[in-house]
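Visitor: Build me a model:
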Amino acid sequence: MIHRISRIASIGALIISGLFFLSACGMGSSSISGDYVSGTAATGQAIASATVTLVDSTGQVRTATTGNNGSFHISASGLKPPFLLKISTNNGTVLYSVSSDGNLTTVINITPLTDLIVRAWYGAQGTTADNAFSHIASYPAPTPAQVAGIIQGIQNMSQSWMTSAGVSSNFNLISSSFTAGTGNGFDQVLDEISITIDPSTGDITVTIQSGSNSQTSTVTASGGSITIETTVNGSAPVSNTISLSDNGNSSNGGSSGSSTTVPSAPTGLSATAGNNQVSLTWSAVTGSTSYNVYRGSASGVLSTKTKIATGITATNYTDSTASTGTTYYYQVTAVNSAGGSAGSTEIAATPTSGGSNGGSSSGTLMGGHIQGLPLTLSGTVTTIQNDGTSDGITTDGTNVYTASAGWDLINEIAISSGAIKPISSSINGFPFGITTDGSNLYVTDRYGSDIWKISISTGTITTIASNLNDPTGITTDGTYLYITDWLDGTIRKMAIASGAISNVASGFSNPTGITTDGTYLYVTDSNKGTVSKILISTGAVTTIASGFSNPQGITTDETNLYVVDSNNGTVSKIVISTGFMTTVATGLNGLTGGNLANYEPSYITTDGKSLYVSNNGNTVIWKIQ
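Guide: Numbering: from 1, shown residues only. A predicted model of the protein is given here:
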């Protein structure tokens, strides 16, 4: 029978301040001196009035009783680390923990995640934690270096959830302090986690659920290695193998499958400098499961650089910690279960104010949006007046431009003042999708099957393509236009200079919204309820999110995607690198201010600071800050 451990509410907090206290029964305290082990035992709820048993590397045993908040203190005088700890929960489940350092005075919390670390370690050694605790001389506890390797793998598994809960990336699952009962921080993470252990196989399943987001990880330990296979929101599984050795080294991978030989070095590394960022792309390496990115401040070999990113499963990465005016030197390695490759050829890049596409000092204009600055949003929704209902929406960072199919209008709305100016009112058609390169607007005539170019400065309209089936969404990288054909289920590419049109990808049901970061296209399918990315260079399509009711508009800040689900009246954020999804605004189809009831959000853009969402049933634009 599978045994389930659930985290429900809170974890007691331990505060160590200059005075040392030992509680023999968890109710009173007496001042002590010397070395001691302290910590908090919790499954979500504090494990109160329970016996904690500590065994050191020589087999000596000490015990203590937890207080009402799960805290405990055990004298470590005369003991020899590393220490192995266990406790029985109120329902009889046994949890383990282990030293994360070699100190006598140390913090060792006991939670289901520390239990996962210990059980995974002993599973890789071919035994169980229960057996090892009773025979510590034969099955010693892992060294701090080995513990660190396992912690890293488990932390990688849960990092998106830790970050979402506001937990620092430096948080140690064993020794870091946290506050119980708040529903915030690490306490929130434990509230969202449940673990099942199959005693017949020793396999461990970790499930994390927060709202509509879910993650399932299967932890398998045997043969000196630990494999963690993770699926987020139903996406393809990603595998991370930790190969443990006597000196504690580990090798972490990042996609399904594994390889028995070290992969070759990545080729084709290129860099595009933006405003306070550098975007890297490289060619995929056969047999690799993930990639690591290294950065240096001077040209040199790989060993002189700092590893700034690990476990990347895509063949691109944006360094958003780069500073304008500083030259950086990058290399990339490929990784699988056998280890890491040699470094790629080095490439240099210098971020510049305004980025690579002529954007403003606050970001880069790409795809009809301002990109390069990850948005920080509170979810506050306000409105901006428009002259007509709006379908497509785009921005150059100064103005928002809307296409109104019902009113045959293209409007310019100043972001700073809200002033409205018609760009062109002589349109004869059905203006729907819209994008800009900063000088011109490009508009789909959805039912007239045309593409128009409209000069922002003069309002002059030119038809640059005709006879498309049902052109709906549109975006641009400055050289090409990318268009969704709703009825054909096809994504088309049009060279702005020549007008030549070709297909990028097909097989969609009803592709609707589209945006680009210059390397990938991101497309909503309103019928399938999915968001997909398309590698422009190959046309390869990958689904990165699903479960939407009617996804329409989509925009990006290069780090995240923002998707309008029209039927549900929501805007969701999807982290591009992980697929992790959260909701940033709700109720957009139920707002009553300004007679907005029953009208639905449709398309979306960003000026690098806020989101702007069009409304296809009323004369306002929603602004999300």
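Visitor: does residue 155 belong to a helix or a strand, and which?
Guide: Residue 155 belongs to helix 144-164 when assigned by DSSP states H and E.
Visitor: Which is the succeeding secondary structure element to that helix?
Guide: Scanning forward in sequence from helix 144-164, with DSSP H and E defining helices and strands, the next element found is helix 185-192.
Visitor: Can you show me the CA trace of stretch 461-478 as CSV?
Guide: Presented in CSV, the C-alpha positions along stretch 461-478 are these (Å, rounded to 0.1, in the frame of the first residue of the first chain):
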residue,chain,number,x,y,z
ILE,A,461,-2.3,52.8,-46.2
THR,A,462,-0.7,50.3,-48.5
THR,A,463,-1.9,46.8,-49.2
ILE,A,464,1.2,44.6,-49.1
ALA,A,465,-0.4,41.1,-49.3
SER,A,466,-3.7,39.7,-50.5
ASN,A,467,-5.6,36.4,-50.9
LEU,A,468,-4.8,35.0,-47.5
ASN,A,469,-7.5,32.8,-46.1
ASP,A,470,-8.3,34.2,-42.7
PRO,A,471,-5.3,36.3,-41.4
THR,A,472,-5.9,37.0,-37.7
GLY,A,473,-2.9,37.6,-35.4
ILE,A,474,0.3,39.3,-36.6
THR,A,475,3.8,40.1,-35.3
THR,A,476,7.1,41.2,-36.7
ASP,A,477,10.9,40.9,-36.0
GLY,A,478,11.6,43.9,-38.2
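Visitor: circling back to that earlier point, tell me the mean pLDDT over the helix holding residue 155?
Guide: Mean pLDDT, taken over the full extent of helix 144-164, equals 81.
Visitor: Could I get the contacting residues of the nearest residue to residue 151 once chain neighbours are set aside?
Guide: Distances taken as C-beta to C-beta, 6 or more residues apart in numbering put residue 173 closest to residue 151, at 5.5 Å, once the chain neighbours are dropped. C-beta here means a position set from N, CA and C on the backbone, and glycine is covered the same way. Residues in contact with residue 173, defined by C-beta atoms under 8 Å, 6 or more residues apart in numbering, are 109, 111, 113-114, 117, 151, 154-155.
Visitor: Could you check the pLDDT of residue 360?
Guide: Looking at residue 360, its pLDDT is 38.
Visitor: circling back to that earlier point, for the residue nearest to residue 151, give me the pLDDT.
Guide: 91.
Visitor: ok, now residue 371?
Guide: Looking at residue 371, its pLDDT is 84.
Visitor: Ok, the one 5 residues further on next?
Guide: Residue 376 carries a pLDDT value of 81.
Visitor: Residue 583 now?
Guide: Residue 583 carries a pLDDT value of 89.
Visitor: can I assume it sits in a strand?
Guide: Yes - assessed by DSSP: H, G, I helix; E, B strand; the rest coil, residue 583 belongs to a strand.
Visitor: Let me see the contact set for it.
Guide: When contacts are taken as C-beta under 8 Å, 6+ apart, residue 583 is in contact with 211-212, 570-573.
Visitor: so of the residues you listed, which ones are in strands?
Guide: Counting by DSSP state E, the part of those found in strands is 570-573.
Visitor: from those, which is closest to residue 144?
Guide: Of all these, the one sitting nearest residue 144 is residue 573; the distance, using C-beta to C-beta, is 37.1 Å.
Visitor: if we can go back for a sec, quick one: the helix holding residue 155 to strand 581-585, angle?
Guide: Angle of helix 144-164 versus strand 581-585, following axes from the mean of the first three to the mean of the last three C-alpha atoms, to 10 degrees, is 30 degrees.
Visitor: Which other helices and strands does helix 144-164 contact?
Guide: In terms of contacts (3 or more C-beta pairs under 8 Å, 6 or more residues apart in numbering; DSSP states H and E), helix 144-164 is packed against helix 112-124, helix 185-192, strand 204-210, strand 213-222, strand 225-232, strand 238-243.
Visitor: how deep is the residue nearest to residue 124 when sequence neighbours are not counted tucked in, by neighbour count?
Guide: Excluding the flanking residues, the one nearest residue 124 by C-beta to C-beta, 6+ apart is residue 221, at 4.3 Å. A total of 24 residues lie near residue 221 under the criterion other C-beta atoms under 10 Å.
Visitor: I'd like the numbering to begin with 534 instead of 1 from here.
Guide: That works, and once the first residue is 534, the last one we named lands at residue 754.
Visitor: isn't residue 754 right up against residue 656?
Guide: Yes - look at residue 754 against residue 656 with C-beta atoms under 8 Å: they come within range, at 3.0 Å.
Visitor: check contacts around residue 1077.
Guide: 768, 1064-1066, 1094, 1107, 1109, 1112.
Visitor: cool, residue 1017 as well?
Guide: When contacts are counted by C-beta under 8 Å, 6+ apart, residue 1017 touches 966, 1004-1007, 1023-1024, 1041, 1044-1047, 1056.
Visitor: Among those residues, which lie within strands?
Guide: Restricting the contacts of residue 1017 to those inside strands, with DSSP E as the criterion, leaves 966, 1004-1007, 1023-1024, 1044-1047, 1056.
Visitor: Would you indicate which residues of stretch 581-601 are buried?
Guide: Residues of stretch 581-601 classed as buried under the neighbour-count rule (16 or more other C-beta atoms under 10 Å) are 581, 583, 585-590, 595, 597, 599-600.
Visitor: which residues touch the residue lying closest to residue 721 once chain neighbours are set aside?
Guide: Nearest-residue entry for residue 721: residue 698, 4.2 Å, with adjacent residues in sequence omitted and distances by C-beta to C-beta, 6+ apart. The neighbourhood of residue 698, defined by C-beta under 8 Å, 6+ apart, consists of 717-719, 721-722, 725.
Visitor: Now for these, which sits with the most neighbours around it?
Guide: Taking other C-beta under 10 Å as the neighbour criterion, residue 722 ranks highest of those with 27 neighbours.
Visitor: For it, list the residues it contacts.
Guide: With contacts defined as C-beta under 8 Å, 6+ apart, the neighbours of residue 722 are 691, 694-695, 698, 700, 741.
Visitor: change it to 7 Å
Guide: For residue 722, the residues meeting the contact criterion (C-beta atoms under 7 Å, 6 or more residues apart in numbering) are 691, 694-695, 698, 700.
Visitor: and of these, the nearest to residue 844?
Guide: Closest to residue 844, out of all of these and judged by C-beta to C-beta, is residue 691, at 12.7 Å.
Visitor: for the stretch 684-833 of the chain, which spans come out with low pLDDT?
Guide: Under the criterion pLDDT under 70, the flagged ranges of the stretch 684-833 of the chain are 767-770, 777-795, 808.
Visitor: Return the closest of the contacts of residue 1077 with respect to residue 829.
Guide: Sorting the contacts of residue 1077 by distance to residue 829 puts residue 1109 at the head of the list, at 25.3 Å, by C-beta to C-beta.
Visitor: Let me know whether that closest one touches residue 1092 as I believe.
Guide: Yes - with contacts defined as C-beta atoms under 7 Å, residue 1109 counts as touching residue 1092 at a distance of 6.4 Å.
Visitor: Can you name the residues that contact residue 827?
Guide: 835, 838-841, 863-864, 876.
Visitor: run the last query once more with 10 Å
Guide: Shown in contact with residue 827 (C-beta atoms under 10 Å, 6 or more residues apart in numbering): 835-842, 862-866, 876-877, 879.
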